[in-house]
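K.L.:
Pasting the sequence and the predicted model now:
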Amino acid sequence: MLLRNNKIFQLNPVDIAVEDVGDGGDGGDDGTGCGGEYILDTSYMEEEEVLSQIPIKHVYSEVHELHFCVGKQSTIHFVVEGTYPHGVERTGTVDTELTDNLYTDFIPHDMYFTTKDNMDNKLLLREINMMLSIII
C-alpha cells in the first residue's frame, strides 16, 4: 500500500524476466572498478487506486439465518446459517406461506444452538436432546 496526496494505492508487482546485459570484465573496463556479470531486472510496481476501505479484491456474501425451536415458549433455538446462490433472493419467515421456498436452493454453512438462559438448566438440556432426536 502507498499513501500519496490523501489517496491510497495498492501496489501490484509486475514481474518481468531478468535480462543478462553482459560481462563486467576484469574490473576496470566499465569504470566502476567492479568485475562480474550484470543482470537487468525491469520489473516494476503498478499502482491501483483504492476507492474505499473495503479491499479491491473482496467477496461479499449475504448470510441468512433459519431459526427452529420446539414451541413458542422455547428459549433455545437451533440456528442454521447459510446462503442462497447469487441472484436468488428469499424473503419471509418459516410461519408464512413461503415456507417451501425458504429451503429451496439454501446452502447451509454453519449450525448451532443459541439461548439467553444459563446452560446449567436441565430443561434446556432436555430440549436440546429433543431437537437433536427430531433432526437425526
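P.N.:
Done, it's in.
K.L.:
what mean pLDDT does stretch 71-78 have?
P.N.:
On average, the pLDDT along stretch 71-78 is 85.
K.L.:
how about it as CSV, C-alpha atoms only?
P.N.:
Taking Å, rounded to 0.1, in the frame of the first residue of the first chain, the C-alpha atoms of stretch 71-78 are listed here in CSV:
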residue,chain,number,x,y,z
GLY,A,71,-42.5,-24.3,20.8
LYS,A,72,-43.4,-20.6,21.1
GLN,A,73,-42.3,-20.5,24.7
SER,A,74,-38.9,-22.2,23.9
THR,A,75,-35.9,-20.2,24.9
ILE,A,76,-33.4,-22.3,22.9
HIS,A,77,-33.1,-22.0,19.1
PHE,A,78,-31.4,-24.2,16.6
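K.L.:
which residues touch it?
P.N.:
Stretch 71-78 is contacted by residues 67-70, 111-117, 124, 127-128, 131, 135 when judged by Cβ atoms under 8 Å, 6 or more residues apart in numbering. For glycine as for every other residue, the C-beta is placed from the backbone atoms N, C-alpha and C.
K.L.:
can you rerun that using 6 Å?
P.N.:
The contact list for stretch 71-78 (Cβ atoms under 6 Å, 6 or more residues apart in numbering) reads 67-69, 113-115, 117, 124, 127, 131.
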